[in-house]
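Visitor: need the 3D shape of this:
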Amino acid sequence: MNAFFSIASRAKTDSDMSKLYVSLFFLVCIVVVPASAQFTIDGQIVQRSEYRHGFNQLILEGEDPSSFIAHRVRLRAQYTLDKFSFYAAIQDVRTWGNTSQAKATDPFLSLHQGWAQYNFHPDWSVRLGRQELNYDNARFLGNLDWALQARAHDFALVKYEKDNMKIHAGFGYNQDEPSRTGNIFTTPNQYKTAQLLWLEKTWEKATVAFMGWNDGRQFVNRDTAGVILDQGQFFRTTLGFSTLKYNSGQTSLSGFFYYQFGVDAAGRDLSAYDISAQVKQTLFENDEQGSNLQAVAGFEILSGTDMTAATTDSESFAPLYGTNHAHNGYMDYFYVGGQWSNSVGLQDYYLKLRSQFKPGFFSQIDGHVFLAEATPARVFPGSSPEELNKYLGTEIDFSLGYLFHPAVSLQFGYSHLIASDTFEILSNAENASDTQNWAYLMLVFRPTMKNKNIGILF
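Guide: Residues are numbered from 1 along each chain as shown. Okay, the predicted model is just below:
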């Protein structure tokens, strides 16, 4: 203990102190946990190397590709006593080499989750604090597991879960920092207020879920001297059936539908939708070997705004907090990081084939054909827009996963995009390279989590 306080006396910076507090937290938990309580601690590490020659944005002729290695290390602890639970997840996210070998401190350690939960009834609980909101297939609300930093919300959540019925309701209220006066929220790309209602009912062969989300974005109007003339929130509401699923033998039908309305973050009146349907079929199955062959065919249509129409309203749907990497191709051209949200929308028609060679060893190939949902156009100042073909491109994604230990998996992926002239124009990349591709190799160690693969949707 004397050694610990000796370390504390030398911790000078805020980052040093944050790491010191993390160490102290786990030390105290181990020392003071009473015999009647439960304390668990575990962790995970994800290490991913990538080659990018067109990932997320079309690469231009003459530009060099990028390659790097990055990781996420996460330490998780949960303390449970009677009806109370406390959970914390500390993570370090960095690219290999972005700090010197002999470093004093760095900004890459952060709190991913930190919440307290009270189970005040066998079927009811309330959770307060920083937490993941991960629902359905993560189309609208997801934990962003593919991105190393992931996503969590500062939220209050009440949950009712009994038998085949689940109801979750909650809210978030965000502020920049404790202040003496005022409530203007300036953190970018964040809601100031939000409310959630989610219901799920399951039967033997079917599942139906409904989601309602209301999102308030801060706006401020100032005069030329910077004096605030008006301020408030633009409210955007999203309602829909977030899961519609029916299983019948070797066949599964599923889909979802969202309708979005209100006012978007730019202050425009909004009316938009997102609809999807797919069929999954098992073509071959060998129970003794644990092998099978499955196919999926489906579509997703996200509404967009016509570029040839003279309107100030928006019809562009925004899947605001989804794990968008898992949808619309793995090269992340659509809706990841908010891009493409205020656009002509998207039609995504896809066919997927997955071969399970044995438990923990699979390969998958996905084919996507992308089209604009609304009319795209080339815009010239002072003249009428030039209407463009709706075809955006075709993407092929190949994935391979191998679980070579119950806790450790190896995952590989290669993707290739054939972009159309329309997509190049809309992306401001008319001199794009003829080859747009991306590849990664990832090691995943997370022994206590059921899903050992990341970012692959089937």
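Visitor: surely residue 117 and residue 126 touch.
Guide: Yes: here residue 117 reaches residue 126: they are 6.9 Å apart, a contact under C-beta atoms under 8 Å. Every residue, glycine included, has its C-beta placed from N, CA and C.
Visitor: neighbour count winner among those two?
Guide: It is residue 117, of residue 117 and residue 126, that has more neighbours when counted by other C-beta atoms under 10 Å, with 20 against 14.
Visitor: for the more buried one, list the residues it contacts.
Guide: By C-beta atoms under 8 Å, 6 or more residues apart in numbering, the contact set of residue 117 is 84-87, 125-128.
Visitor: same check on residue 316?
Guide: Contacts of residue 316 by C-beta under 8 Å, 6+ apart are 264, 270, 272, 302-305, 341-345.
Visitor: neighbours of residue 116, just the number please.
Guide: Residue 116: 14 surrounding residues under other C-beta under 10 Å.
Visitor: within the sheet, what are the partner strands of the host helix or strand of it, with directions?
Guide: Per DSSP states H and E, residue 116 falls inside strand 109-121. Applying DSSP bridges to the sheet, strand 109-121 is found paired with strand 84-95 (antiparallel), strand 124-131 (antiparallel).
Visitor: nearest to residue 232, out of those strands?
Guide: Using C-beta to C-beta as the measure, strand 124-131 is the one of the strands paired with strand 109-121 that comes nearest residue 232, at 26.1 Å.
Visitor: now the closest one: buried residues?
Guide: 125, 127-131 (16 or more other C-beta atoms under 10 Å).
Visitor: of all these, which two lie farthest apart?
Guide: Within the buried residues of strand 124-131, two members stand farthest from each other by C-beta to C-beta: 125 and 130, at 16.7 Å.
Visitor: and the buried residues of strand 124-131 as CSV, adding distance to residue 418 and pLDDT?
Guide: Shown next, in CSV, are the buried residues of strand 124-131 (distance: C-beta to C-beta, whole Å; pLDDT from 0 to 100):
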residue, distance to residue 418, pLDDT
125, 49, 98
127, 45, 98
128, 48, 98
129, 45, 98
130, 41, 98
131, 40, 98
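Visitor: wait, which of the contacts of residue 316 is closest to residue 406?
Guide: Nearest to residue 406 among the contacts of residue 316 is residue 302, at 38.4 Å by C-beta to C-beta.
Visitor: quick one: pLDDT of the closest one?
Guide: Per-residue confidence at residue 302 stands at 98 (pLDDT).
Visitor: list the beta-bridge partners for it.
Guide: Beta-bridge partners for residue 302, by DSSP bridges, are residue 274, residue 346.
Visitor: so how far is residue 336 from it?
Guide: 13 Å (C-beta to C-beta, to the nearest Å).
Visitor: on that earlier part again, CA atoms only: put the strand holding residue 116 into PDB for me.
Guide: The C-alpha trace of strand 109-121 is given here as PDB (Å, rounded to 0.1, in the frame of the first residue of the first chain):
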ATOM      1  CA  LEU A 109      -7.700   5.400 -22.300                       C
ATOM      2  CA  SER A 110     -11.400   6.100 -21.700                       C
ATOM      3  CA  LEU A 111     -14.500   4.900 -20.000                       C
ATOM      4  CA  HIS A 112     -16.700   2.900 -22.400                       C
ATOM      5  CA  GLN A 113     -19.400   2.000 -19.900                       C
ATOM      6  CA  GLY A 114     -20.200   2.800 -16.300                       C
ATOM      7  CA  TRP A 115     -23.600   2.200 -14.900                       C
ATOM      8  CA  ALA A 116     -25.500   1.200 -11.800                       C
ATOM      9  CA  GLN A 117     -28.600  -1.000 -11.900                       C
ATOM     10  CA  TYR A 118     -31.300  -1.700  -9.300                       C
ATOM     11  CA  ASN A 119     -33.500  -4.800  -9.800                       C
ATOM     12  CA  PHE A 120     -36.500  -3.600  -7.700                       C
ATOM     13  CA  HIS A 121     -38.700  -6.500  -8.900                       C
END
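Visitor: mind listing the strands for the stretch 301-450 of the chain?
Guide: Secondary structure of the stretch 301-450 of the chain (DSSP state E, counting those that start in this stretch): strands located at 346-358, 361-371, 377-378, 386-387, 391-405, 408-419, 436-445.
Visitor: picking up where we left off before, what is the nearest of the contacts of residue 117 to residue 157?
Guide: Distances from residue 157 to these, taken by C-beta to C-beta, are shortest for residue 127, at 4.7 Å.
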